[in-house]
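Asker: this one's structure only:
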């Protein structure tokens, strides 16, 4: 068994599960090294804690064993631990069925037993920034979509240098010119550097033209020879950016592309989060947002919330939501049947089409800001 990569179908399936005592566990993981053995021990410890919780809830030994058997099998599954990312979420339903999800971000070790799966720690992964990356050389051109640790080559017809300049026959341009001492020799009709610049400019314009139908809100990251990268930016009207060490050679590999752009992706993601955070604070100051869970959660259920910025480190707010009357009860501690109302806020907001941003930046002491559509 391997942990699933988190995507919208996986998240929606987990969000749609319900019951009496669903188990959600989170932990940091490692791709290799001695820490992998520790990861297995961490999961075993969390399962032991979950078993104690089930015992407190009245589950008999055989019921607990049946409930957690499939999850315990993961502890000794070597293939499972050889394919981990930075974090792991393990979800166990009332029938003992297990769904494990890899996270691109480290997750704090914690576990929850609620009538629903606890999903807030995964919100940073569900809508990650996606950036287009153009690998540009004379030999080959390719367009990639990069998201976190995932790189996908897109099916876009992009011309190569030779395909653009196939018609240029330099031999026909050769002319006889006397040199400075009066002799004759073969020379081109134009200076070589000027011709090369013209051919390169033609190639770069054709590449840019082939990208006209590909629109994105994120700047195009361009990799390749530094001179080509700089000149492409001059020939294109779209916003472009490149890492300091942008050089790549064909054939391109996804690992190389990811390594080159990883730093820029972190910067772009930080910019996006900061924009959402500052905008939410502005909306709050103008009375078009709320930080009151008893107001925000019912508004999210009916689709009035258009965006939520959530402090991913905020402590749970325990209570209950009556989805029929939209009435919210906030409790001082976690009682049987309670849910984390902050978790329900982000799930409902996303379900009704709101943009949810998970951030580690401070929200001036607030756990979240919900921005109203109207």
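Answerer: Yep, it's here. Everything numeric here is computed off the predicted structure, so don't read it as measured data. Residues are numbered from 1 along each chain as shown.
Asker: Mind giving me the packing neighbours of whichever strand or helix holds residue 41?
Answerer: Per DSSP states H and E: residue 41 is located in helix 35-56. Counting by 3 or more CB pairs under 8 Å, 6 or more residues apart in numbering; DSSP states H and E, the packing neighbours recorded for helix 35-56 are strand 22-28, helix 61-75, helix 78-81, strand 87-92, strand 110-114. In this view, the C-beta of every residue, glycine as well, is placed from N, C-alpha and C.
Asker: what's the burial count for residue 16?
Answerer: When neighbours are defined as other CB atoms under 10 Å, residue 16 has 11 of them.
Asker: sec struct for the spatially closest residue to residue 320 that is not a sequence neighbour, please.
Answerer: Leaving out its chain neighbours, the residue that sits closest to residue 320 by CB to CB, 6 or more residues apart in numbering is residue 329, at 4.7 Å. Recorded secondary structure, residue 329: strand (DSSP: H, G, I helix; E, B strand; the rest coil).
Asker: Give me the residues contacting stretch 108-121.
Answerer: 11, 14-15, 17-28, 42, 46, 49-50, 53-54, 57, 87, 89, 91, 103, 107, 310, 312, 337-340, 342-344, 346-347, 358 (CB atoms under 8 Å, 6 or more residues apart in numbering).
Asker: Mind giving me the ChimeraX select for these, buried ones only?
Answerer: A single ChimeraX command selects the buried members of the contacts of stretch 108-121 (16 or more other CB atoms under 10 Å):
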select :11,14,15,21,22,23,24,25,26,27,28,42,46,50,54,87,89,91,103,107,310,312,338,339,340,342,343,344,346,347,358
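Asker: Switch the helices and strands packed on helix 35-56 over to JSON lines; also include mean pLDDT and distance to residue 157.
Answerer: Output for the helices and strands packed on helix 35-56, formatted as JSON lines (pLDDT from 0 to 100; distance: least, CB to CB, whole Å):
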{"stretch": "strand 22-28", "mean pLDDT": "96", "distance to residue 157": "43"}
{"stretch": "helix 61-75", "mean pLDDT": "96", "distance to residue 157": "44"}
{"stretch": "helix 78-81", "mean pLDDT": "91", "distance to residue 157": "39"}
{"stretch": "strand 87-92", "mean pLDDT": "96", "distance to residue 157": "38"}
{"stretch": "strand 110-114", "mean pLDDT": "93", "distance to residue 157": "48"}
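Asker: any chance of the ones you listed in JSON lines, with distance to residue 271 too?
Answerer: Shown next, in JSON lines, are the helices and strands packed on helix 35-56 (distance: least, CB to CB, whole Å):
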{"stretch": "strand 22-28", "distance to residue 271": "26"}
{"stretch": "helix 61-75", "distance to residue 271": "37"}
{"stretch": "helix 78-81", "distance to residue 271": "35"}
{"stretch": "strand 87-92", "distance to residue 271": "23"}
{"stretch": "strand 110-114", "distance to residue 271": "29"}
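Asker: quick one: which of these is nearest residue 257?
Answerer: Closest of those to residue 257 is strand 87-92, at 23.3 Å (criterion: CB to CB).
Asker: Can you name every helix or strand that the helix or strand just after the closest one contacts?
Answerer: Moving toward the C-terminus from strand 87-92, the next helix or strand (DSSP H and E) is strand 98-103. If contacts are counted by 3+ CB pairs under 8 Å, 6+ apart, strand 98-103 sits against strand 4-5, helix 8-15, helix 61-75, strand 87-92.
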